[in-house]
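In: sequence plus predicted model, see below.
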Amino acid sequence: MAHPLARDLDTVSFKQWLINQSDDAEARDNIGLFIAGGMLTKPAHSFSALQAVLMAASAGSFSHLVDEDFILDKRVIGGMQQVSIRMAEALGDDVFLNAPVRTVKWNESGATVLADGDVRVEASRVILAVPPNLYSRISYDPPLPRRQHQMHQHQSLGLVIKVHAVYETPFWREAGLSGTGFGASEVVQEVYDNTNHEDDRGTLVAFVSDEKADAMFELSVEERKATILASLARYLARRPKNRLCTTNPTGLGGMDPRCVRGQLRPRWPAPIRRGFPHARRPDPLLVLRHRGRGVPARRRCCPDGAANRRRHHRPQQGLTAALPSLDHCPAVTTAGQ
């Protein structure tokens, strides 16, 4: 049964709801920074207050989203990619690369999956680990249930550009700074110290989301780089004296039609209270999975690594040890997505 306030919250934008709660524009912008720009990577006027509540509830509470000891407090030596690499090594020849699935034939007895490269796999169940707005790129025989298919079409994603700026040294630590910053009015809305373990160089990871990301894609690569680096410099209160080794503010991941960036939410005002029962309805054979930020998680980690929100840098000797085997992967996934 739906909550008695579900309809009211789902018929007002999150931006308007914040206006109704406070006349302090700076407070509204800072709250919106975590939910809109930081989590949903969409402008606050483009989704409902109920979607914001769902986002906060998926983390346990809104306070968890800003708790320095709950999110972004763990790092994985070697990066999260090693989890995928070690899983692939354990699976061996059962991993097919560059073979997008084109057709799923399914019935009560099982399923047959057809992919590029003449790949044919027969199984009792199928897990679709792509966002719902890409489900339609696959043909289903028989088709998916009508209402479920309809609600998948209503799903949309936000937009976020992830930037890594690598310097000769992590010079901000010399000034006692953590390298972490948040700014609702900045081009870069979030920045963290993402320096690799035992690396002499310093790395800042930054995020540019929603309409600010749109604006960045209107610029040339050089203009985009200069604008983002200028925003980073304002967080550091001075322009870096250290030479910039490299940066990647291009967001090239969005060029691959099978790669989508940002967090999943229905297009508003298409209400989530109407669609979610159908979009998430379980099926005996097809398991539809998408790990966006709308699913429960004990911990969250947006960057490849994570940084504490205290002013002073947290020593790296407390980092998670490198994974010695695949058995340790479950402990790592709670620290990252």
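Out: Sure thing, it's come through. Residues are numbered from 1 along each chain as shown.
In: from S124, how far out is A44?
Out: According to Cβ to Cβ, to the nearest Å, A44 and S124 sit 44 Å apart. For the C-beta atoms, the positions are set from N, CA and C on the backbone; glycine is no exception.
In: the two: who's more crowded?
Out: Neighbours per residue, other Cβ atoms under 10 Å: of A44 and S124, the larger number sits with A44, 24 against 9.
In: contacting residues around the more buried one?
Out: 13-15, 18, 32, 35-36 (Cβ atoms under 8 Å, 6 or more residues apart in numbering).
In: mind checking the SS state of L72?
Out: The three-state label given to L72 by DSSP: H, G, I helix; E, B strand; the rest coil is coil.
In: retrieve the pLDDT associated with it.
Out: Note on L72: pLDDT of 71.
In: ranges for the strands of the stretch 151-300 of the chain?
Out: 155-157, 160-167, 181-182, 190-193, 202-209, 244-247, 264-266, 286-288 (DSSP state E, counting those that start in this stretch).
In: mean neighbour count, distance to L114 and mean pLDDT for the ones you listed - can I get that in JSON lines?
Out: Formatted as JSON lines, the strands of the stretch 151-300 of the chain follow (neighbours: other Cβ atoms under 10 Å; distance: least, Cβ to Cβ, whole Å; pLDDT from 0 to 100):
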{"stretch": "strand 155-157", "mean neighbour count": "20", "distance to L114": "25", "mean pLDDT": "78"}
{"stretch": "strand 160-167", "mean neighbour count": "21", "distance to L114": "33", "mean pLDDT": "88"}
{"stretch": "strand 181-182", "mean neighbour count": "20", "distance to L114": "46", "mean pLDDT": "88"}
{"stretch": "strand 190-193", "mean neighbour count": "24", "distance to L114": "41", "mean pLDDT": "90"}
{"stretch": "strand 202-209", "mean neighbour count": "24", "distance to L114": "37", "mean pLDDT": "91"}
{"stretch": "strand 244-247", "mean neighbour count": "14", "distance to L114": "41", "mean pLDDT": "60"}
{"stretch": "strand 264-266", "mean neighbour count": "23", "distance to L114": "26", "mean pLDDT": "51"}
{"stretch": "strand 286-288", "mean neighbour count": "17", "distance to L114": "15", "mean pLDDT": "55"}
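In: nearest to S136, out of those strands?
Out: strand 155-157 (10.6 Å; Cβ to Cβ).
In: give the partner strands of that closest one in its sheet and their orientations.
Out: Neighbouring strands of strand 155-157 in its sheet, by DSSP bridges, are strand 264-266 (antiparallel).
In: show me where the stretch 51-200 of the chain has helices.
Out: In the stretch 51-200 of the chain, the helices defined using DSSP state H, counting those that start in this stretch lie at 62-65, 81-91, 146-153, 171-174.
In: which among those is found nearest to E211?
Out: Evaluated over those, closeness to E211 peaks at helix 62-65, with 20.9 Å, by Cβ to Cβ.
In: let me see the mean pLDDT of the closest one.
Out: On average, helix 62-65 scores 80.
In: which parts of that helix are buried?
Out: 62, 64-65 (16 or more other Cβ atoms under 10 Å).
In: and that helix, what does it pack against?
Out: helix 49-58 (3 or more Cβ pairs under 8 Å, 6 or more residues apart in numbering; DSSP states H and E).
In: hmm, back to that, so among the contacts of A44, which ones count as buried?
Out: In the contacts of A44, the ones that pass as buried (16+ other Cβ under 10 Å) are 13-15, 18, 32, 35-36.
In: need those in a markdown table with distance to T103, secondary structure and pLDDT, can you?
Out: A markdown table is the format used below for the buried ones among the contacts of A44 (distance: Cβ to Cβ, whole Å; DSSP: H, G, I helix; E, B strand; the rest coil; pLDDT from 0 to 100):
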| residue | distance to T103 | secondary structure | pLDDT |
| --- | --- | --- | --- |
| S13 | 40 | strand | 93 |
| F14 | 39 | helix | 93 |
| K15 | 42 | helix | 94 |
| L18 | 45 | helix | 94 |
| G32 | 42 | helix | 88 |
| I35 | 39 | helix | 87 |
| A36 | 38 | helix | 88 |
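In: now those as CSV including distance to A175?
Out: As requested, the buried ones among the contacts of A44 are exported to CSV (distance: Cβ to Cβ, whole Å):
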residue, distance to A175
S13, 40
F14, 36
K15, 36
L18, 34
G32, 29
I35, 31
A36, 31
